[in-house]
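Q: Provided below are the primary sequence and the corresponding predicted coordinates.
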Amino acid sequence: MAEMAYWEAIRRAHDEEMANDPLVIAMGEDIGVAGGTYKATLGLYDKYGEERVIDTPISENSYTGIGIGASMVGMRPIIEIMSINFALLALDTLINAAAKIRYMSGGRVQCPIVMRTPGGTAHQLAAQHSARLARMFMSTSGLRVVTPRGPLDAYGMLKSAVRCNDPVIIIEHEQMYNLKEDIPDEEFFRPLEGAEVVREGSDITLIGYNYSVHLCLEAAKRLEADGINAEVLDLRALKPLDHDSIRKSVEKTHRVVIAEEDEAAVGVGAEIMAVINEECFFALDAQPVRVHAADVPVPYNARLEKAAIPSAEDVYHGALKVMGKI
Amino acid sequence: MNDADKKRLLREMIFYRRFEDRTFEAYMERKIGGFLHLYSGQEAVATGVLEKAVVGQGNKNDYVITGYRDHVHALKTGAPAKEVMAELYGKETGSSRGRGGSMHIFDPTQNFMGGYALVGQPFPLAAGLAMGCKHKKTNQIAICFLGDGANNQGTFHETMNMAKIWNLPVLFVCENNGYAIGTHIDRSTAVRDQYKRVAAYDMEASQHDGMDIDIVMEAAEKAIDFVRSGKGPYFLEFMTYRFRGHSMSDAKSYRTREEELEWEKRDPINIYSKRLIDAGLITQDDIKAMEREIDENMENEIIKFAEESPEPRVEDLTKYVLDDNPDPRWIGPLQK
Ligand SMILES: Cc1ncc(C[n+]2csc(CCOP(=O)(O)OP(=O)(O)O)c2C)c(N)n1
Ligand SMILES: [Mg+2]
């Protein structure tokens, strides 16, 4: 066991997977000589060379397409997009190509790419650097979308993503790269499907993914002080979504708050509410609540930014509402 | 090239023309749906270029990728005609198991990596195929066929740049037929000569007549040698014309009958058959017999196979979305 930061865990997964298989390559802007905006590939350029740790020009759509083409002949590219906002430029190759090639070839060609990208708000980066596009990817057939909440999953899911035969989007978070966690020294894998109960509870379920899991955990602590025993469910994967774990938890606690950093409309929370409505409506004792971003482009001003984005406080208040305490 | 090869090439081009004509008929009978883009008039380009590449040899082939006007490229690369026709019929035995249709023919057993509907999207995919070949040191190259209109996409510029800086073994073949659907190149594009555009990326390029297969083969041989020898990407432009509309629903109101007749005089099949007749290699009667034999094969083998093949089962609707047999170690479920 050793304590490792989120970025170090990602770096370690790259290193091990590249050592394990010469067909694994990394590509993205500033990932080579410069070591990566978030240090996720630090030192790997020196270790594996410029043919395997590839500094790309600022051409998101086409270098993603090049990664996809390479994956079609057996390569395993890990593509870093500097910020999820810039992934919008790569949607054609990602969604129109990678997500559809297996299907439209009748299962004869696959695109095992990994796209890693940080989504979420950091500190005052303003509207064009604060997108959270999880909901867009989670509604695309043919993709896998995972949202590691900490170093353990960041490491283990990246390793699984490299080996899995489907295109996998890994959504990281600007505010989590320095988050630390103990992780085993020996190699391990974490599966790309399945939600996880990260705190057992009996009175209410707080559902989060990625960074919002931490908001839920913090809210759960405050609720405990109020005598409310909250369960926290980390979705881990948004696609495919683990309906069973959602249903199980709701059937146990009968109350739900969903915390998402995206805007609400057609979002992660909306999808989960639909699943609950369709699969365990009668298990509910109260109307579920979504805690989400305000319906605005993210503002620069710190006070406004704070108001636009959900906090642990908001999750706590959401839970009190569901519990009928406010 | 020996006499038998020349006759084979002529037969291939006639076969491709007949194949496309036959799909037109099947479309009119509503046996084929969706969009159908025919290649008639441009046969010398795909046939000539791929004649000089490694094709028809399974996974030893060079990698080939193109847009939606893809039947002939797939056939010349080695996809069985029966399977391509069955794909157009939407059958389970089709090249893409009936899931792709006319615009999405795939045959990875022959390294034909697909037809794509998004104009310009194959540029980066092709460069990626080439990157894979280079990385695996297989001596294969990637060949990307696209139209003149595709060059106005950002992917064109982005990909030319990366293909050049990474010295990728990729041949770009621009089939300049003068139109993007109904828009003439002069109205959409600042330069008519497409090969000049890659000068901005310091890439080797040349422009040739695309109606004469001998000229196409000569140019292709040089370009393919260049790319295969590791000198980097090459951009080949062929001046050509599509004889039919853009797709089935095209009234061709944007071009004149005179212009069409001018180009029809330069029909690649006529140019080549006349050359072989003049050289005494073949007679008009031989060609008639060849056409009869092609037509018989088309009906008795290809169309029959497509007609009689089963449709995909509705129970299989959700197959092929993700890996249908994933390794649980990577996928889950999560072990506690
Ligand atoms: C991204 C995108 N935009 C628009 C279209 C619609 N479209 C289909 S074919 C075409 C014209 C392409 O012309 P060109 O590249 O010259 O190829 P040609 O059809 O002449 O072979 C257009 C605009 C599309 N399929 N994809
Ligand atoms: Mg054109």
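A: The structure has been received and is ready for your questions. Ligands and ions are numbered 1, 2, ... in the order given.

Q: Next, work out how far apart the residue nearest to the spatial centre of chain B and B:Val216 are.
A: Chain B has B:His73 as the residue nearest its centroid, 2.8 Å off, counting by C-alpha atoms, centre = their mean. Distance from B:His73 to B:Val216, counting by C-beta to C-beta, to the nearest Å: 14 Å. Every C-beta, even on glycine, is put in place using the N, C-alpha and C of the backbone.

Q: same check, this time on B:Asn176
A: Using C-beta to C-beta, we find B:Asn176 at a distance of 13 Å from B:Val216.

Q: show me what contacts B:Ile105?
A: Residues in contact with B:Ile105, defined by C-beta atoms under 8 Å, 6 or more residues apart in numbering or on different chains, are B:Asp70, B:His71, B:Ala74, B:Ala79, B:Val84, B:Glu87, B:Ser95, B:Ser96, B:Phe112, B:Gly114, B:Gly115.

Q: Now the common contact residues for B:Asn176 and B:Val216.
A: Counting by C-beta under 8 Å, 6+ apart, the residues touching both B:Asn176 and B:Val216 are B:Gly210, B:Phe238.

Q: Which helix or strand contains residue 155?
A: Assuming you mean chain A. Using DSSP states H and E, A:Tyr155 maps to helix A:151-163.

Q: not what I meant, chain B
A: Element membership for B:Thr155 (DSSP H and E) is helix B:154-165.

Q: which residues are in contact with that helix?
A: Helix B:154-165 has contacts (C-beta under 8 Å, 6+ apart) with A:56-57, A:59, A:61-63, A:65-66, A:92, B:120-121, B:123-124, B:126-127, B:130, B:150, B:168, B:170, B:172, B:197-198, B:200-203, B:232-233, B:235.

Q: Say whether ligand 2 is contacted by the helix or strand following it.
A: Sequence order places strand B:170-176 as the next helix or strand after helix B:154-165, per DSSP H and E. No - counting by C-beta under 5 Å from the ion, ligand 2 has no neighbours in strand B:170-176; the shortest distance is 6.7 Å.

Q: Which positions within strand B:170-176 qualify as buried?
A: Buried positions in strand B:170-176, judged by neighbour count with 16 or more other C-beta atoms under 10 Å in any protein chain shown: B:Val170, B:Leu171, B:Phe172, B:Val173, B:Cys174, B:Glu175, B:Asn176.

Q: Pull the contacting residues for the fourth one.
A: Put plainly, it is B:Val173. B:Val45, B:Val49, B:Ile143, B:Cys144, B:Phe145, B:Leu146, B:Leu236, B:Phe238.

Q: Settle this for me: the first one is touching B:Asp212, isn't it.
A: Just to be clear, that refers to B:Val45. No - counting by C-beta atoms under 8 Å, B:Val45 stays clear of B:Asp212, with 10.4 Å between them.

Q: Looking at the two now, which is surrounded by more residues?
A: B:Val45 (29 against 18; other C-beta atoms under 10 Å in any protein chain shown).

Q: Give the other helices and strands that the helix or strand encompassing that one contacts.
A: Assigned by DSSP H and E, B:Val45 belongs to helix B:43-51. Contacts defined by 3 or more C-beta pairs under 8 Å, 6 or more residues apart in numbering or on different chains; DSSP states H and E place helix B:43-51 against helix B:3-28, helix B:71-77, strand B:142-147, strand B:170-176, helix B:213-228, strand B:234-239, helix B:268-278.

Q: Give me the average confidence score over the longest one.
A: Along helix B:3-28, the predicted local confidence has a mean pLDDT of 98.

Q: distance between that helix and the chain's centre?
A: Between the centre of helix B:3-28 and the centre of its chain there are 14 Å (C-alpha atoms, centre = their mean, to the nearest Å).

Q: Same question for that helix: list its buried residues.
A: Buried residues in helix B:3-28, defined by neighbour count with 16+ other C-beta under 10 Å: B:6-7, B:9-20, B:22-24, B:26-27.
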